[in-house]
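pasting the structure only:
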């Protein structure tokens, strides 16, 4: 695995966490993004 792939995966993971917590706290339009993001994360 190259370093670039590693950091892209890390970036995606943290973006997913961020979106997930935003959705949890706001219960707004983030829910759609959250569900699609979870498909990527898990």
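Yep, that arrived. Just so you know, these numbers come straight off a predicted model, no measurement behind them.

same for the helix or strand containing residue 8, what does it pack against?
In this assignment (DSSP states H and E), residue 8 forms part of helix 3-26. Packing partners of helix 3-26 (3 or more C-beta pairs under 8 Å, 6 or more residues apart in numbering; DSSP states H and E): helix 30-41. (C-beta placed from N, C-alpha, C; glycine too.)

poorly predicted segments of this structure, please.
Along the chain, the parts satisfying pLDDT under 70 run over 27-42.

can we see that at 80?
The chain contains residues with pLDDT under 80 at 1, 20, 22-42.

what is the neighbour count of residue 12?
Residue 12 has 13 neighbours, counted by other C-beta atoms under 10 Å.

ok, now how distant is it from residue 5?
From residue 12 across to residue 5, the span is 11 Å (C-beta to C-beta, to the nearest Å).

pull up the overlap in contacts between these two.
Shared contacts of residue 12 and residue 5 (C-beta atoms under 8 Å, 6 or more residues apart in numbering): none.

which residues are in contact with residue 25?
With C-beta under 8 Å, 6+ apart, residue 25 has no contacts at all.

how close does residue 16 get to residue 22?
11 Å.

the two - which one has more neighbours?
Between residue 16 and residue 22, residue 16 has the larger neighbour count (other C-beta under 10 Å), namely 19 against 16.
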